[in-house]
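>>> let me see the structure of the following:
(chains A and B)
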Amino acid sequence: GAVVSQHPSRVICKSGTSVKIECRSLDFQATTMFWYRQFPKQSLMLMATSNEGSKATYEQGVEKDKFLINHASLTLSTLTVTSAHPEDSSFYICSGTRGDTQYFGPGTRLTVL
Amino acid sequence: DQQVKQNSPSLSVQEGRISILNCDYTNSMFDYFLWYKKYPAEGPTFLISISSIKDKNEDGRFTVFLNKSAKHLSLHIVPSQPGDSAVYFCAASDGGGTSYGKLTFGQGTILTVHP
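Residues are numbered from 1 along each chain as shown, chains lettered A, B, ... in the order given. Take a look at the predicted model:
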């Protein structure tokens, strides 16, 4: 299968700071990447669709000014959590589509103190 | 509104037996379905998928069945192995027969395969 990486895998930050998470497709080009969030013991919830060279499309209830998405190239999308608060602590996962399948990154565990 | 539901939070199976994981959906626009396996603190790993134009897809020990009229799909794993123990998510897409559309996930089923 296709390979998607995320960096960092784990980050701890203070409340009020901003955190950037990178998502890279290593062996394929992804015009579209997706960002998901998973809270403990819950399902993955789509946050936004990241389109290369254009603005991201956010799901209802997701603040676009808080979760900034940049898809500057066909292999890189970034998610920046601005002014993070403890309630933003979660597991963030990105995916890219290759062929008919979405392939997921390993996820980033964000803990906001 | 949970459009994709996995009603069994957990399933326990003996090694060598069949594991059957079920998934129901409500949105008739879904036309592509996928199963993912996930370990804690890791991203989901793709297992198998099926388009709505088919009713069965098989890949090694994994078979997915789709019943469109019942809006139900199932994943069969046979024979089950201890290494199959993980959380299994079904996901659905309305991306025109591919997973290019956004995925809607079920809640997941924890599968435990006992030696």
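
>>> ok, residue A:75 to chain B distance?
Residue A:75 sits 17 Å away from chain B when distances are taken as Cβ to the nearest Cβ, to the nearest Å. In short, each C-beta sits where N, CA and C put it, glycine included.

>>> okay, residue 56: pLDDT?
No chain was given, so I picked chain A. Model confidence at residue A:56, expressed as pLDDT, equals 91.

>>> please refer instead to chain B.
Among the per-residue scores, residue B:56 holds a pLDDT of 97.

>>> in the sheet, who's paired with it?
Taking DSSP bridges, one finds residue B:65 as the beta-bridge partners of residue B:56.

>>> and for residue A:12?
Taking DSSP bridges, one finds residue A:111 as the beta-bridge partners of residue A:12.

>>> I figured it was touching residue A:108, is that so?
No. Using Cβ atoms under 8 Å, residue A:12 is not in contact with residue A:108, being 11.4 Å away.

>>> these two: which has the busier surroundings?
The residue with the greater number of neighbours, taking residue A:12 and residue A:108 and applying other Cβ atoms under 10 Å in any protein chain shown, is residue A:108; the counts read 24 against 12.

>>> separation between residue A:106 and residue B:111?
In this structure, residue A:106 and residue B:111 are separated by 20 Å, where distance is defined by Cβ to Cβ, to the nearest Å.

>>> of these two, which one has the most company?
Taking other Cβ under 10 Å, residue A:106 and residue B:111 do not tie; residue B:111 has more neighbours (21 against 18).

>>> doesn't residue A:87 fall inside a helix?
Yes. Counting by DSSP: H, G, I helix; E, B strand; the rest coil, residue A:87 is found in a helix.
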